[in-house]
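> What follows is a predicted protein model with its sequence.
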Amino acid sequence: MKAKSIKGKSPEEIKSELSISMADGFKPTLAFVFISIKQDIDVICNLLDQQDIQIFGATSSGEFINGDISNGGIVVLLLDMNLSHFMILLEDYADNDPQALTKAMAMKAKEQFTNPAFILSNSIKVTDAVELGEPVLRALESVTGPDTIIWGGRAGDDLLFGDTVVFSNKKLLKRGIILLVLDGDKIKVKGQAASGLKAVGTQKTITKAADNWIYEIDNQPASDMVLKYMGLNLFHEEAETFYPGNIVLSLVREKGEPVLRSSGIFNLKDKSIYIPGGIKEGDMIQLTLPPDFEIIEEVSRNAETMKQNELPDGEALLMFSCAGRLVHFGPMAGEEIDGIKNVFKVPMAGFFAYGEFGRTHSGNNEFHNNTCCWVALKEC
């Protein structure tokens, strides 16, 4: 399998780059398209469709090839993968139960391939997205088993926090689930969910929670506990307008590494914290330290270990990094991307997402916050 990555600030630039990439006889069959919601998605789809290239597409909150991050642009990873080794499924959940729809899609995948592997994205209304995280993973696993390979990221919208879009050749959906189904016997898929953030302090128990809101931690008001950790003592007027930024919690798992959970909203009237990922009463958490350069080095080292031990000859690389990570890391986000890309030295593309899908080290498939999930592909 051959791969090439291209980028542009407009459909016209992508058209030119696509022509250049195919000038040597390269004939891609599959394109990963990560694109700003401000761009004309229809034009890009028509351009690729005219070349008989199947599309796995999602809107982004920043997109990149290599460590070159664009905001408002378009990136495309082109592959000449054998057409018999993959299929794309795209369905609308606007009038359907997302979990039931995902199960039906998984059944189609299982009918096509004995050992399917998935690249997953979905579009969401950001304020109403709970069922499009962990429940989607469990719906896939209910059909194909807990050892199923699943990687991906939810579509973004340039941090506008409204509607996002997933798409394929002739269909764009604001309430959609898209699956690239790979024949796991023909395509090697190896990835890693990398955070690098360090947990600090003692483990604490979520003692009261409902509908993704944490009300009490160790029987104390949740926001009070976190504000104390931050060293803040707010006056009433300050508290009414306080926005906490990207505070990250480390959620302890019985199996495998911890999973990160971001806290984006405080409700200081009832002293609760909203978590855009699965949490429940009884979960054990720790707070985390802010990122530093050691995180970048650790993520790169782990990628090097994965490459040497499991996929030394990968042919293409995808990355799904949290939009919160871009805000949290600042300029270091590009260095992290470059660090992983330089390990594999193959064409790559990725985007900043509203939540990521991937398996933790020695653990389960998880829906992540503030995590960088990368996946390498090789055709057998």
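Sure thing, it's come through. Residues are numbered from 1 along each chain as shown.

> name the element the closest residue to residue 193 other than its chain neighbours belongs to?
Of all residues beyond its chain neighbours, the one nearest residue 193 is residue 358 (4.0 Å), with distances taken as C-beta to C-beta, 6 or more residues apart in numbering. (C-beta placed from N, C-alpha, C; glycine too.) Using DSSP states H and E, residue 358 sits in strand 356-359.

> Would you mind listing the buried residues in the longest helix that the chain contains?
Secondary structure assigned by DSSP state H gives helix 293-310 as the longest helix of the chain. Across helix 293-310, burial judged by 16 or more other C-beta atoms under 10 Å covers 295, 296, 299, 300, 302, 303, 306, 307.

> per-residue confidence for the residue nearest to residue 193?
Looking at residue 358, its pLDDT reads 96.

> same thing with residue 364?
91.

> Show me the contact partners of the longest helix of the chain.
By C-beta atoms under 8 Å, 6 or more residues apart in numbering, the list of residues contacting helix 293-310 from outside reads 190, 192, 194-197, 314, 332, 335-336, 339-340, 342-344, 372, 374, 376.

> ok, now stretch 144-153?
Here stretch 144-153 makes contact (C-beta under 8 Å, 6+ apart) with 58, 106, 109-110, 116-121, 137, 140-141, 184, 189, 191, 318, 320-321, 351, 353-359, 364-365, 373, 375.

> So which of those belong to helices?
Per DSSP H, the subset of these in helices is 106, 109, 110, 137, 140, 141.

> CSV for these, including neighbour count, pLDDT and distance to residue 3?
CSV is the format used below for the ones in helices among the contacts of stretch 144-153 (neighbours: other C-beta atoms under 10 Å; pLDDT from 0 to 100; distance: C-beta to C-beta, whole Å):
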residue, neighbour count, pLDDT, distance to residue 3
106, 22, 98, 27
109, 23, 98, 23
110, 16, 98, 27
137, 24, 95, 27
140, 25, 97, 25
141, 18, 97, 29
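
> Redo those as a markdown table? Include distance to residue 149.
Listed next are the ones in helices among the contacts of stretch 144-153 as a markdown table, based on distance: C-beta to C-beta, whole Å:
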| residue | distance to residue 149 |
| --- | --- |
| 106 | 13 |
| 109 | 12 |
| 110 | 14 |
| 137 | 12 |
| 140 | 10 |
| 141 | 11 |
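
> which of those lies closest to residue 156?
Using C-beta to C-beta, residue 137 is the member of the ones in helices among the contacts of stretch 144-153 that lies nearest residue 156, at 18.9 Å.

> which ones are touching the closest one?
With C-beta under 8 Å, 6+ apart, residue 137 has these contacts: 150, 357, 365, 366, 367.

> right, and out of these, which lies closest to residue 224?
residue 367 (27.4 Å).

> burial of the closest one, as a residue count?
Applying other C-beta atoms under 10 Å, we find 22 residues neighbouring residue 367.

> can you list contacts of the host helix or strand of it?
Element membership of residue 367 [criterion: DSSP H and E] is strand 365-368. With contacts defined as C-beta under 8 Å, 6+ apart, strand 365-368 is touched by 133-134, 136-137, 141, 146, 148, 150, 193, 195, 253, 259-260, 277-278, 322, 355-360.

> Show me where the stretch 101-250 of the chain has its helices.
134-144, 222-230, 236-241 (DSSP state H, counting those that start in this stretch).

> With respect to burial, which of those helices scores highest?
helix 134-144 (a mean of 20; mean count of other C-beta atoms under 10 Å).

> average model confidence for the longest strand anywhere in the chain?
Assignment by DSSP state E gives strand 199-210 as the longest strand of the chain. In this model, strand 199-210 has an average pLDDT of 92.

> Tell me which strands that strand pairs with, and in which orientation.
In the sheet, strand 199-210 lines up against strand 213-217 (antiparallel), strand 284-288 (antiparallel) (DSSP bridges).

> List the residues that contact residue 35.
Contacts for residue 35 were tallied using C-beta under 8 Å, 6+ apart; they are 41, 44, 57, 58, 59, 60, 63, 73, 74, 75.

> swap the cut-off to 7 Å and go again
Taking C-beta atoms under 7 Å, 6 or more residues apart in numbering as the criterion, residue 35 is in contact with 41, 44, 57, 59, 60, 63, 74.

> Okay, and it sits in which element?
Going by DSSP H and E, residue 35 is in strand 30-36.

> how about the CA coordinates for that strand, as PDB?
Listed next in PDB are the C-alpha coordinates belonging to strand 30-36 (Å, rounded to 0.1, in the frame of the first residue of the first chain):
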ATOM      1  CA  LEU A  30      -9.300   5.800  -0.100                       C
ATOM      2  CA  ALA A  31      -9.100   9.300   1.300                       C
ATOM      3  CA  PHE A  32      -9.200  10.500   4.900                       C
ATOM      4  CA  VAL A  33     -10.400  14.100   4.800                       C
ATOM      5  CA  PHE A  34     -10.200  16.300   7.900                       C
ATOM      6  CA  ILE A  35     -11.600  19.700   7.100                       C
ATOM      7  CA  SER A  36     -12.700  23.000   8.700                       C
END
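
> Identify each buried residue in that strand, please.
Here strand 30-36 shows 30, 31, 32, 33, 34, 35, 36 as buried, counting by 16+ other C-beta under 10 Å.

> and the residue nearest to the third one when sequence neighbours are not counted, what are its bridge partners?
Translated: residue 32. Excluding the flanking residues, the one nearest residue 32 by C-beta to C-beta, 6+ apart is residue 77, at 4.3 Å. For residue 77, the beta-bridge assignment (DSSP bridges) gives partners residue 5, residue 32.

> mind listing what residue 77 touches?
If you count contacts by C-beta under 7 Å, 6+ apart, residue 77 has them with 3, 5, 31, 32, 316, 318, 347, 348, 349.
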